[in-house]
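Trainee: Below is the sequence, then the predicted model.
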Amino acid sequence: MRSMPAWTVSDLMEGERAILGAVRLWFRMGTGRGLPGIRTAIRGVGAPDEVLLPLFALLGVLASDAARRPRILGPGDPAVGEDEAALLEALGAIQHGDEDAAATGFDRWLPLVALCVAMASARETGRILAAAGVFLPDRAARMVPLMAAE
């Protein structure tokens, strides 16, 4: 496993910030209590509410007892954790058709059966985001670390 770059939220592109914000709220508050903030984050980049179902399915698999639960930081934290960066990289990779890189990313948390479910949910999330014009960078394939703002 390669070492992840030290990112901050300000290093991320708009779509990545929205997804990260939604992920952080979901892990802290769940679907019910977090839904208004999650919708705001997703709608803020022009993505439809339709993306929430596959995104929540993906997050549910990652939070299941069978998974090594990813470490997700709090909603206001300016840092991007290693697991959060890996999740964003996996979603970006799958959106760009690099399923091997995406599977490698999700494999860090999931056994095989859960990995298959996660990949299907990630594919649908990526498809809906792309249709809305929200593209995550393909950082996993390029292996280009973000440079911290000076």
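Mentor: Structure's in. What do you need? Numbering: from 1, shown residues only.
Trainee: so after the top helix by length along the chain, what's the next helix or strand?
Mentor: Ranked by residue count under DSSP state H, the longest helix found in the chain is helix 14-44. Moving toward the C-terminus from helix 14-44, the first helix or strand encountered (DSSP states H and E) is helix 52-62.
Trainee: what's the neighbour count on the closest residue in space to residue 48 that isn't next to it in sequence?
Mentor: Nearest residue to residue 48 in three dimensions, chain neighbours excluded: residue 132, at 5.9 Å (C-beta to C-beta, 6 or more residues apart in numbering). C-beta coordinates here come from the backbone N, C-alpha and C atoms, glycine included. Counted with other C-beta atoms under 10 Å, the neighbours of residue 132 add up to 17.
Trainee: how much space between residue 132 and residue 76?
Mentor: 26 Å (C-beta to C-beta, to the nearest Å).
Trainee: which other helices and strands contact the longest helix of the chain?
Mentor: Applying 3 or more C-beta pairs under 8 Å, 6 or more residues apart in numbering; DSSP states H and E, one finds that helix 14-44 contacts helix 52-62, helix 82-95.
Trainee: Output the helix or strand where residue 116 lies in PDB with nothing but the alpha carbons.
Mentor: Element membership of residue 116 [criterion: DSSP H and E] is helix 112-131. In PDB, the C-alpha atoms belonging to helix 112-131 read as follows (Å, rounded to 0.1, in the frame of the first residue of the first chain):
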ATOM      1  CA  LEU A 112     -14.600  -9.800  -1.600                       C
ATOM      2  CA  VAL A 113     -18.500 -10.000  -1.500                       C
ATOM      3  CA  ALA A 114     -18.700  -6.500   0.100                       C
ATOM      4  CA  LEU A 115     -16.200  -5.300  -2.500                       C
ATOM      5  CA  CYS A 116     -18.500  -6.400  -5.300                       C
ATOM      6  CA  VAL A 117     -21.500  -4.500  -3.800                       C
ATOM      7  CA  ALA A 118     -19.300  -1.400  -3.200                       C
ATOM      8  CA  MET A 119     -18.000  -1.400  -6.800                       C
ATOM      9  CA  ALA A 120     -21.600  -1.600  -8.100                       C
ATOM     10  CA  SER A 121     -22.600   1.300  -5.900                       C
ATOM     11  CA  ALA A 122     -19.500   3.300  -6.800                       C
ATOM     12  CA  ARG A 123     -20.100   2.800 -10.500                       C
ATOM     13  CA  GLU A 124     -23.700   4.200 -10.200                       C
ATOM     14  CA  THR A 125     -22.500   7.100  -8.100                       C
ATOM     15  CA  GLY A 126     -19.800   7.900 -10.700                       C
ATOM     16  CA  ARG A 127     -22.300   7.600 -13.500                       C
ATOM     17  CA  ILE A 128     -24.800  10.000 -11.900                       C
ATOM     18  CA  LEU A 129     -22.100  12.500 -11.000                       C
ATOM     19  CA  ALA A 130     -20.700  12.400 -14.600                       C
ATOM     20  CA  ALA A 131     -24.200  12.900 -16.100                       C
END
